[in-house]
Every structure is written in structure tokens, then in C-alpha cells.
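Asks: Turn this into a structure:
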Amino acid sequence: MDTGGRLIAGSHNRNEFVLINADENSRIKSVKELSGETCQICGDEIEITDDGEPFVACNECAFPVCRPCYEYERREGNQACPQCKTRYKRIKGSPRVEGDEEEDGIDDLDNEFDYDASDHQQVAEAVLGARLNTGRGSYPNTSGMPAHSELDFSPPSSQIPLLTYGEEGLEISADHHALIVPPFMGNGNKVRPMPYADPSVPLQPRPMVPKKDVAVYGYGSVAWKDRMEEWKKKQNDKLQVVKHGGGNNGGKFDGEELDDADLPMMDEGRQPLSRELPISSSKINPYRMIIILRLAILGLFFHYRLLHPVRNAYGLWLTSVICEIWFAVSWILDQFPKWFPIERETYLDRLSLRYEKEGKPSELSSVDIFVSTVDPMKEPPLITANTVLSILAVDYPVDKVACYVSDDGAAMLTFEALSETSEFARKWVPFCKKFNIEPRAPEWYFSQKMDYLKNKVHPAFVRERRAMKREYEEFKVRINGLVSTAQKVPEDGWTMQDGTPWPGNNVRDHPGMIQVFLGHSGVRDVEGNELPHLVYVSREKRPGFEHHKKAGAMNALIRVSAVLSNAPYLLNVDCDHYINNSKALREAMCFMMDPISGKKICYVQFPQRFDGIDRHDRYSNRNVVFFDINMKGLDGIQGPIYVGTGCVFRRQALYGFDAPVTKKRPGKTCNCLPKWCCFLCCCSRKNKKTKQRKEKPKKFKPREASKQIHAVENIEEGIIELNSQKSSDTSEMKMEKKLGQSPVFVASTLLENGGVPQNASPASLLSEAIQVISCGYEDKTEWGKEVGWIYGSVTEDILTGFKMHCHGWRSVYCIPKRPAFKGSAPINLSDRLHQVLRWALGSVEIFLSRHCPIWYGYGGGLKWLERFSYINSVVYPWTSIPLVVYCTLPAICLLTGQFIVPEISNYASIVFMLLFVSIAVTGVLEMQWGGVGIDDWWRNEQFWVIGGVSSHLFALFQGLLKVLAGVSTSFTVTSKAADDGEFSELYIFKWTSLLIPPTTLLIINIIGVVVGISDAINNGYDSWGPLFGRLFFAFWVIIHLYPFLKGLLGKQDRKPTIILVWSFLLASILTLMWVRINPFVSRDGPVLEVCGLNCDD
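Replies: Numbering: from 1, shown residues only. Predicted coordinates:
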């Protein structure tokens, strides 16, 4: 697609289409002016022929008519020009119709009988090509398809070539029949061919080649032999890398040996591209036994707790029991999805052997990569630039990679930074591929602390690396200059280099914008090699339209990429997640392109890894327990959940299609049962089959018809074809209602293998691309409901993956040895809590929506353990209420002198000890098979409490207000780590109300410990025994909140005073309430006892 490197801005609803950064002569004001001459019948653009001239249907008056209308007029109309009434002559590349025999000088045997199509993929390609007016001079010849007006969206029924179709050529002998195709098989007017002979239409015989040695000619025998020859040739090509040293002829294979069924399995390239690695039984079996044992211990624990209430503290006892029951249910939902953990291994060498044969073009599938960004002031352009550079330098065929950057903030800073990035990529990409460096994000490559000369033998490496580092530093200075300039917005808004006002000056009211930076003709790297596509996209925004934040931006990218490149697979990454492993796409293709198991995979999820986190990971930013334990467990069921970034999708799955149904294997007989039992089984099977036959309508299968009965059969088949045509028209209308009113996009969804016509005209592509990113395109469609990223939650990732699993798809979890992606995590506590708040808020929204996994998706393809995981992912914010209450109980017990359990007996002590031991052993075994260190496991436990009593609690109330009361809430975009020194922001606190609840819990528990110890000192030795249980309970809370306390006291000069003021105020109020309600002394006054001494004496 050649746009001359200019920005395209427009609005489909307002009929605006403008090229910016152009002179006045090339400035385009509308689609009509850009497209040139249009057809006067249908309004489509008139294509360009191979000679570079517009298509001319009538040589007398040159009345503008496109090729599809011309062919339709010749086939179904009066075969004359609408203006001068001159009869149309047949143009090379068009099918022959009645009356063309009188014309001479036309020799086009390749196209004159090119009517039928039997491949669904080719039909969809023809539809897409006709919609786009691809500019091919002989379009039906290029794809073997009729024009768009001759096609529909339903897959055509297979047609058996009929020899001597009711007649025989007089000049052909009986043993050399002729293949005769009726002229009405062009499927004119969207009607299927009626395969019966019309005596009024002369038939053109085509004799077979006498050289072909075929003993008995049958229906389709010539084509069959050609296919067999082609198949044998492909088999020879596939077996060129056979790793087989045996044989009498030194490994050479002749035609007879190709029939051996065992030979393909010897080919390394035809082995499975991946395999499952189950966890060792020595690790997983004890783990499962401990889970069952822990369930039994929980039963004993609750049996004791319910049958032994605390009479003098009944309220505390009942509250604690309710909280413990909720914790037990949450543990079950979290634990059992980890019952079948697995790991996976990929074979990149087999992928190359299968799809990248030497001397042939690569057969790897294309991938469209989505990068989303909103505000360049919160998501620095330098980080986004590094992500884009790592994508452009990925180890994958350049013609099969397209990078789309979604700027949902319509910021000119992002646009200018991407322009600088595209220019620097011309130097960076060849450097990466020449020296095979990792990672291919320059910021992280030049800053890594390692020996960069390791395994480098090229003599020019050091010199070129120094030069490239200098180029990158100059690139950083230019980006920093753009950021500095963007700090102050001019009063009249930003203007572009040619003086045109920036279309996105009004963030909430601007047209859609598309800029192709790389990939158009003439733009190559410094070594003259082709570069991947790089496209800037900013969707249209207008007041009064709901734009659905990130989910809406991703859906706009799906549509615009389907029009421009239409790769069958998509990868989405956040702007701060760069590709750390250049072979990440190949890792995903080992699953997606596996011919055995790949068809049912909807996405491949990679774990999130992060840079710039301190060694202790105080706030559990790495989230290792979730990515290395929970996700491995889900991979053994139906696959991991989608986490929002680092995920390769199958495009067809995002369109809301169901997963392909696996055919059941035929039943087998066995000798292990008595004969009468087998007889009964056979009878029951026969009865079922007969019932199914009665229920199913009769199907007409194509078969060899004699000359006497072929006409009746053909008439019946024709009637059925007409009925199927009506249903296909209905399905086409349903597709447009589901996917929108863009015919080009709807046609592209039928292409399972992706792709667009190579010679598609820029005007048609760009006008369609502008249409599909218009703000009103999704109105009255299924976008956001059943198609694309699902709306209704700020965590659209969980909802989108859940819908795919409900459609029967499965996902795969891929953990390469070298992390595939790395990103920057929020480094200070305030930003981390805001991030967790966003996730929890999305879960609350899903819980209160119709897509809640508790009641949605039954009867589909979702497995029960997978449903447990999704239920846990939307229920966990509700755990914040019992967690806050439970963390408050220790302070209450210490201040009141009461406890939640009665005096503990020996039996109770054993049960409590067994419960604590089972919890510890479960964690140890999980760490063992998950490969997680004890530090990461413990930090995860601590932050579960910190986030539960702060972010989860606020998210719960905000979600209830938003869904029930309609009060919309907004969250702050997480700040990314800046280049201000390593861990410089670790101790920064930003004011947020999220810090108040954990601070209050810390203070009241510390006060409770002081009061309890003071009370024990005053009351003597006997009060220390009951105190230990309460102190243990309080220290459990304080230890879990310790990272929060350490962060709060880490930097005295940066501590916000307001947090301490509110926390001390709340703690004082609670303390005064306790003193008023339940002081140390009895309510009846001090207890006075007679000491036994006579004081009067």
C-alpha cells in the first residue's frame, strides 16, 4: 500500500478523506477524487489493467463500467453498452458467452471457461478482491474466480467434472471423451449452476491429450492423475530432509518407497512441533495427597469450631467462623484448578524444517502485532519506541510482520516519536539481524550488565556497536527534545510540518488517522533490505459515542489490520512490554501451526517478566506465584487465562467463531464381553443410527449419472442449490449484522489463512480502513458483545479469554527458556496499589454482569475446573471484607481480653497444628513443582493481605457504585519507571486513600499488642498463658503488613503527613470506643475481696 509516507485522516460518516504532509497539487479532499474514475452502474472504482490503463468495456464510447458490471451485462443482460448500445466484445480474461464464436483474434483458453470454484478459501479471496477492485487487468484469471457479483459467502458444493455432459463431440472417438463445460456455469446473478444441458446453447468440446496413458477414462480421471503426480512431487519435497540412514540405496527414495506409511514419521520436519511435559509423579502425587488431607483436616477444624462456641464472646466467635468459611471456599476455588499442572517444550528446528525449505519462500503464517498507548506523558515515548524497535527486529520473515501502533490519545508527540523511530529502525534492524543480538530493544541492550562480546566473532562488531550506540544516544536526544517541546501546548494547537493543523488537537473530537511509516514502496533499511510494516492508527472519536477505552482501541486495530494485511494471527503487547526473545513468534507458531493440535488453540499466552524491580521485590511486582504455579495448573485443563499482553491470538477465534469440533473415533469391537452383550450394543447402535437417519434430511450426493437419468438428478440438485443460495444470502446478512457494514472486512473474515490481494488499490484500502475505525461503525453489531475484545469491564482481558473458552477453544501457556517479553512494573507502593485496584475493579464489574462465570457459559465448551478458576478471578475482591474483619479481630481480642476460640483442648491443639502444617507443606510442594523460591512465595502471601485490605476493598465499593448507582469512577494510568537511577522511586509515596486502611490496621494491632502485654504484666503470671494465642494472631497480621510498614517508614523526608494523621485519628477513635464500651475494670466497679487480715487490730 503506497501512501507516499503521508498521514491519512478522515471520517466515514462525514465523507472526509484527506492526505496530510502533501503539497496543494496532491492534496485530496474526498475519496472520489483519490479513486479516479468510478463505474456508472455500481459506483465502484474502475480497476487498472496490466498495461497501466483504466479498464475500458466499450471501445466506441468508453462509457465507464467496471469489469464485474461488464461481465454481468454480457452474461445476464442484453450484452450491449448502456450509452451507445454497441454490443460488448469479449475482452481477454473474460468468460465466453453466446455469440462470441463470431469474434476472431482472441486466444484466451486459460480464462474463457474459468467459471467454477471449489475451494472456500479461494471464494473468499475472490470476494475480497472484487470488493477492493484490485486493479488487475484480468482479475478472473489471477485467482481462478469469477467476479464478486457472481459469488456469495457460502462454500460452494463440490462439482465433479462431467465428461460428455449429455453430448459427445462428433470428431472424438468413444474412448477419448471430451470435457465440455456449459457456458452458464459462470454462476451469474448469484445463482448456482443448473447442471443440465441446454440444446439451444452450442457446447465447445475440448479433447483430452492422447499422450496420457489412462486405461479407462472415468469421471475426472485426467484431473485425478495430475493431482497424483503433484502429490508425489510434494512428497518428494517434504522428504528431502529424511533422517534415515538405512536402506539399500543409501537413503535415496524412488516412487514405490513413497507409499510406505512409516516414512513420513522418519522426517524430522513432520514430527510434532511441541509436546507436553507432565510434572514428575514424585512431585505431583504427594501434592495431591496433601490437598486431600488438607480437605479432611478442614472438615475436622470446622467441626470443632462449630460445636465449641465461645459463650462470653459469641459475636467475635461467630464473625471469625464466617470469615474462616469464606477463606476455605476461596482456597478450594484457587487450589483445585492446579490439580493437573503441565509444562511444554517447543521444537523450533522442526518448525523451520517444515515451513522454511531452502530455496523456497517461507510458509510461516503472517502475524499482525498490536501496540496500544494512550497518554505519552504517563507512558514515555522512549519506552514505546523501544517496544516498536524490538518488534521490527524480530526473527521472523519481514514480509509476514506488520506492527500497528494504536494512539488512543491522538497525541502529536506519539506520532512524531513514531516517525523518528521508523527512521532509526532503518539502521537498528539490520544491525540486530547481522550480529544476532538479544534483546533487540536498544535501551535494554545497551544497559545490560554482561559481556556483550560473548560468542561474537565478527571483526566489525565492536566498531559497528559503538557507532550504533552513538546513533541511539542521538535518537534519545531527539525523542527527549520532542517530549520537552510537548510540555507546553500552543494556544492554537499543534501544527504539522506543512502547516496543516494536527487533526487530533481535540482529543475527544477528531477524525480517524492512519499513517504507514514503513512497508510502502521505496522505504528500505540502510542495506537495501525490506522492512516490516509499521502503521500508526488513531481511531475516530466524537462526542456522544462510547469508545470503550482499551478494548475499543484493540477492536479498531483488528478491523484496520484485517483490511490492510489480514494476518491469521495477532500479537498484542502493551507499550512498555518489549520483545525480549526475538524467536517469540516462532515459539507461538509451534503451537498455532501444529497440524494436529493447532486448530483448536485460540491463543498462546506468555508469562509476564519485568525489568527494574529490586532484588527483594517488596511489593510482589513479579507475581511469580501466579505465572509459574497457577497458570501451569490451568494449562493442564483448558489453558491459561488471558492476562492482557504478551499473547498471540488466532484471528478467527476473536471473531466469535466456535472451535472446530473434533471428530469422534469410530467405535471398536472387543472380545472382553459376552456375545449377547455385544449383540445388545450393536442393536442399540443400529437403532440410534436409524433414528438419526430419519431425523436428518435427505442429502443428494454427486454420483455418476447415465445419460438417461442425468437430467432428473440435475434438476433436483439445482433446486437444492437454489435453496442453499437463499440461505447463503441470509448468512451474508447475518455476517454484516454481526461484523459491520464494511464488505471488505466481512469478506476478509472468511479467509482462514488470511491475506489480501497483492495489487489492491490504495484508495479502496484506505477508504475501507477509515470506515472501520469510524466511531459509529460498531453500532448495532456484535462488537464487544460476541466479537473481538469484550466490553463491560476495565479488565477486558479476563472477559475476552473467558468468552473464547466458552466457545470450546483451548489456550496454551508457553514459557521459553529466555523470557519472550519483558516490561516495566510500577516500582512504588502507591502505583502498585492503583494497578491492583484496576484489576479488582474489573473483576467486580464482571461479577455483576451477565458474563459472570457463576451463571454464564453453561452448555458450551468450558470445563468445570476452568470455570472454578474464572469464578475465583471475579470473586477474590469480595474476600477483602472478611479479610479486613479478620485482621481487626486480633486487636479487639487484645483490647477486650477475649478470644475467638474457647480454652483449647488436646484434640483442638492437634487439629490446629495439623492445619498449619498442611498449609505449609502445600506451599512447599507448590514451590517445588512450580520452580518458585520461598522469597517470592512469601512476598506473594504478604501482598495478598496488603492488596486485600486496601485495593480490593476500594474496588468492591467503587464497582458497586458504578454498576448499581451509575456513579462512574476513573483510575490513574500506572506510572512507568523513568531513567532517574536504579530503584530511585522505590520509597516514593503518592497521596492516595488506598494507604489508609492498612495503616490503620497496623496501628491498632500494634496498640493492641502494647495494651495486651501491659495488661499481662499488671495481672501477673496467670494471664500470660491466654495472651500467647492473641499475640500470635496479632503478629500474624503485622508480619503480613510488614512490607507496607517498611515502605511507609523507609524515607522520612518523603512520608505524607496526611496518611499518618488519618491513621492515628482512626486508631484513636477505635481505642476510645473500646475504653467506653469495655474497659479494664468491670462495669460494676472494682472487685473487692477480703484479704483475711484484721486491720483493726
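Asks: In contact with Pro890, which residues are there?
Replies: By Cβ atoms under 8 Å, 6 or more residues apart in numbering, Pro890 lies in contact with 1005, 1008, 1030, 1033-1034, 1036-1037. C-beta coordinates here come from the backbone N, C-alpha and C atoms, glycine included.
Asks: Now list the buried members of those.
Replies: Buried members of the contacts of Pro890, counted by 16 or more other Cβ atoms under 10 Å: 1005, 1008, 1030, 1033-1034, 1037.
Asks: closest to His834 among those residues?
Replies: Val1037 (23.4 Å; Cβ to Cβ).
Asks: nearest spatial neighbour of the closest one, skipping sequence neighbours?
Replies: Closest residue in space to Val1037, ignoring its immediate chain neighbours: Cys887 at 4.7 Å, by Cβ to Cβ, 6 or more residues apart in numbering.
Asks: what does Ser565 give?
Replies: In space, Ser565 is closest to Ala402, 4.4 Å off (Cβ to Cβ, 6+ apart).
Asks: Confirm that that neighbour sits in a strand.
Replies: Yes: according to DSSP: H, G, I helix; E, B strand; the rest coil, Ala402 belongs to a strand.
Asks: Can you report how many residues lie near it?
Replies: 25 (other Cβ atoms under 10 Å).
Asks: quick one: it and Val560 touch, right?
Replies: No: counting by Cβ atoms under 8 Å, Ala402 sits too far from Val560 to count as a contact (10.6 Å).
Asks: Common neighbours of those two, please.
Replies: Val535.
Asks: Can you list the buried residues in the helix or strand hosting Arg74?
Replies: In this structure, Arg74 sits in helix 67-76 according to DSSP states H and E. Using 16+ other Cβ under 10 Å as the test for burial, helix 67-76 gives 67-75.
Asks: wait, which of these is closest to Ser830?
Replies: The closest of those, once distances to Ser830 are taken by Cβ to Cβ, is Pro68, at 61.3 Å.
Asks: what separates that closest one from Ile41, distance-wise?
Replies: Pro68 sits 9 Å away from Ile41, going by Cβ to Cβ, to the nearest Å.
Asks: and the helix holding Arg74, what other elements does it pack with?
Replies: Contact partners of helix 67-76 among helices and strands, from 3 or more Cβ pairs under 8 Å, 6 or more residues apart in numbering; DSSP states H and E: none.
Asks: The residue nearest to Val1037 contacts Phe1035, doesn't it?
Replies: No: Cys887 is beyond contact range of Phe1035, at 11.9 Å (criterion: Cβ under 8 Å).
Asks: Name the residue in these two with the higher neighbour count.
Replies: Remark: of Cys887 and Phe1035, Cys887 carries more neighbours, 27 against 13, as counted by other Cβ under 10 Å.
Asks: residues contacting that one?
Replies: By Cβ under 8 Å, 6+ apart, the contact list for Cys887 reads 945, 949, 1001, 1005, 1037.
Asks: sec struct for it, please.
Replies: Assignment for Cys887 (three-state DSSP): helix.
Asks: Show the subsequent helix or strand relative to the helix or strand hosting Gln835.
Replies: Secondary structure from DSSP H and E places Gln835 in helix 829-847. Reading on from helix 829-847 to the C-terminus, the next helix or strand found by DSSP H and E is helix 864-875.
Asks: ok so, going back, can you tell me how far the residue nearest to Ser565 is from Ala955?
Replies: 37 Å.
Asks: same check, this time on Val97
Replies: 69 Å.
Asks: Who has more neighbours out of these two?
Replies: Set Val97 next to Ala955 and count neighbours by other Cβ under 10 Å: Ala955 wins out with 27 against 20.
Asks: check contacts around that one.
Replies: So Ala955 contacts 837-841, 843-844, 877, 880 (Cβ under 8 Å, 6+ apart).
Asks: show me where pLDDT drops low in the stretch 601-750 of the chain?
Replies: 663-730 (pLDDT under 70).
Asks: Run through the strands of it in chain order.
Replies: 601-605, 609-611, 647-650 (DSSP state E, counting those that start in this stretch).
Asks: For these, give me TSV that also has distance to Asn623.
Replies: Formatted as TSV, the strands of the stretch 601-750 of the chain follow (distance: least, Cβ to Cβ, whole Å):
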stretch	distance to Asn623
strand 601-605	14
strand 609-611	9
strand 647-650	16
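Asks: could the ones you listed be laid out in JSON lines, adding distance to Gly315 and mean neighbour count?
Replies: What follows is the strands of the stretch 601-750 of the chain, written out as JSON lines (distance: least, Cβ to Cβ, whole Å; neighbours: other Cβ atoms under 10 Å):
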{"stretch": "strand 601-605", "distance to Gly315": "46", "mean neighbour count": "26"}
{"stretch": "strand 609-611", "distance to Gly315": "44", "mean neighbour count": "20"}
{"stretch": "strand 647-650", "distance to Gly315": "48", "mean neighbour count": "25"}
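Asks: Please name whichever of those is nearest to Arg270.
Replies: strand 601-605 (19.1 Å).
Asks: Adjacent strands (with direction) for that closest one?
Replies: Strand 601-605 pairs in its sheet with strand 647-650 (antiparallel), strand 810-813 (parallel), by DSSP bridges.
Asks: okay, now the closest residue to Gly644 other than its chain neighbours: neighbour count?
Replies: Distances taken as Cβ to Cβ, 6+ apart place Asp797 nearest to Gly644, at 3.7 Å, with adjacent residues excluded. Number of residues near Asp797 (other Cβ under 10 Å) recorded here: 24.
Asks: Also Leu564?
Replies: 26.
Asks: hmm, back to that, out of the contacts of Cys887, flag the one nearest to Glu866.
Replies: Val945 (27.2 Å).
Asks: Distance of that closest one relative to His1040?
Replies: From Val945 to His1040 the distance is 4 Å (Cβ to Cβ).
Asks: Report the mean per-residue pLDDT for the helix or strand hosting Val563.
Replies: Using DSSP H and E, Val563 sits within helix 549-564. On average, the pLDDT along helix 549-564 is 92.
Asks: Packing partners of it?
Replies: Helix 549-564 packs on strand 367-373, strand 401-407, strand 533-538, strand 569-574, helix 651-654, helix 743-748, helix 762-772, helix 796-806, going by 3+ Cβ pairs under 8 Å, 6+ apart.
Asks: Now do the contacts for Asn581.
Replies: 438-439, 587, 816, 818-821 are the contacts of Asn581 under Cβ under 8 Å, 6+ apart.
Asks: List only buried entries from these.
Replies: 438-439, 587, 816, 819-821.
Asks: I'd like the residues you listed laid out as CSV, including distance to Ala567.
Replies: As requested, the buried ones among the contacts of Asn581 are arranged in CSV below (distance: Cβ to Cβ, whole Å):
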residue, distance to Ala567
Glu438, 24
Pro439, 23
Glu587, 17
Pro816, 21
Pro819, 24
Ala820, 18
Phe821, 19
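Asks: now the contacts of Pro890 as CSV including pLDDT and distance to Gln898?
Replies: Listed next are the contacts of Pro890 as CSV, based on pLDDT from 0 to 100; distance: Cβ to Cβ, whole Å:
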residue, pLDDT, distance to Gln898
Asn1005, 87, 16
Gly1008, 85, 12
Arg1030, 83, 9
Phe1033, 84, 12
Ala1034, 87, 14
Trp1036, 88, 18
Val1037, 88, 17
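Asks: closest to Asn555 among those?
Replies: Of the contacts of Pro890, the one sitting nearest to Asn555 (Cβ to Cβ) turns out to be Val1037, at 44.2 Å.
Asks: isn't that closest one right next to Ile1004, touching?
Replies: No: with contact defined as Cβ under 8 Å, Val1037 does not reach Ile1004; the gap is 9.5 Å.
Asks: can you give me the helices in the stretch 201-350 of the chain?
Replies: Under the criterion DSSP state H, counting those that start in this stretch, helices of the stretch 201-350 of the chain are mapped to 221-238, 263-266, 281-307, 314-335, 348-355.
Asks: which one of those helices has the most crowded surroundings?
Replies: helix 348-355 (a mean of 18; mean count of other Cβ atoms under 10 Å).
Asks: residues in contact with Asp525?
Replies: Contacts of Asp525 by Cβ under 8 Å, 6+ apart are 425-427, 429-430, 531.
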